[in-house]
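Asker: Sequence unavailable; structure follows:
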């Protein structure tokens, strides 16, 4: 009895621990999902605000907004391209690491541009615009180079695979179309008696060679029976012949 109570208590504790573990996992996944949603929403709001500033304002404020928008757009596109490509091509791992180092410089520049947007000294900011443009160009140029290199690599592999597949399909198509023509059936050899003995004329008392299906005095050639072929061959379209009936002797023709 005591052993049963101990087992039940252990099972209860195990179920409780499992329930706590599952709850923590579910809560953590929900929290990560909410964080991703909030981050995405914040980025969307910031991008929309930057586009509005770059269009609706002029001067230094518009220039700073354009630089931030260009930097964020280039870095985000490169990140998406590399993360998607590394799942199929492990050789892009080094490119991903280089982009992480580049992202540190991009984040630093974005923070600096954000602070300058709130700075009231527009004259000093205008003097630094040349240097800020150069830094933005260097960072976005490197990001664009990584992104397009990864895309060109994926496109090249896709073209090579498509070329190889097309070659295999052409070979298979040619093999499917290469059928052998059926060999012609051997021609029947003429019977010796048909070449040595002349055909008997009507009225001379001679019996016809083929009595079945012939009519006296009609002058028509007797019909050939496919089952009597001397070479014993059959045709693909020929139906199975029924059991042959015993052949009857031809009746003699009446003579005048």
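Answerer: Nice, I can see it. In this text, all values refer to a predicted model and were calculated from it rather than measured experimentally.

Asker: CA only for contacts and neighbour counts going forward, please
Answerer: Noted.

Asker: does residue 99 really touch residue 145, like I thought?
Answerer: No - the criterion here is CA atoms under 8 Å, and residue 99 misses it with residue 145 at 10.6 Å.

Asker: what about these two, which has more around it?
Answerer: Neighbours around residue 99 and residue 145, counted as other CA atoms under 10 Å, are more numerous at residue 99. The numbers are 21 against 13.

Asker: contacting residues around stretch 112-127?
Answerer: Under the criterion CA atoms under 8 Å, 6 or more residues apart in numbering, residues 60-61, 64-65, 68 lie in contact with stretch 112-127.

Asker: which of those are buried?
Answerer: 60-61, 64-65, 68 (16 or more other CA atoms under 10 Å).

Asker: For this structure, give me the ranges with low pLDDT.
Answerer: 1, 35-36, 180-256 (pLDDT under 70).

Asker: at 90 what do you get?
Answerer: Residue ranges of the chain with pLDDT under 90: 1-62, 87-91, 117-127, 174, 177-256.

Asker: domains of it?
Answerer: Under the assignment automatic domain parsing, the domains of the chain span 1-56, 58-164.

Asker: Dump these to JSON lines, plus distance to residue 179.
Answerer: JSON lines is the format used below for the domains of the chain (distance: least, CA to CA, whole Å):
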{"stretch": "domain 1-56", "distance to residue 179": "61"}
{"stretch": "domain 58-164", "distance to residue 179": "25"}
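
Asker: most neighbours per residue, which of the ones you listed?
Answerer: Of all those, domain 58-164 carries the top mean neighbour count, a mean of 15, counting by mean count of other CA atoms under 10 Å.

Asker: Which strands and helices lie in contact with the helix or strand hosting residue 29?
Answerer: In this structure, residue 29 is located in helix 2-56 according to DSSP states H and E. Packing partners of helix 2-56 (3 or more CA pairs under 8 Å, 6 or more residues apart in numbering; DSSP states H and E): helix 60-86.
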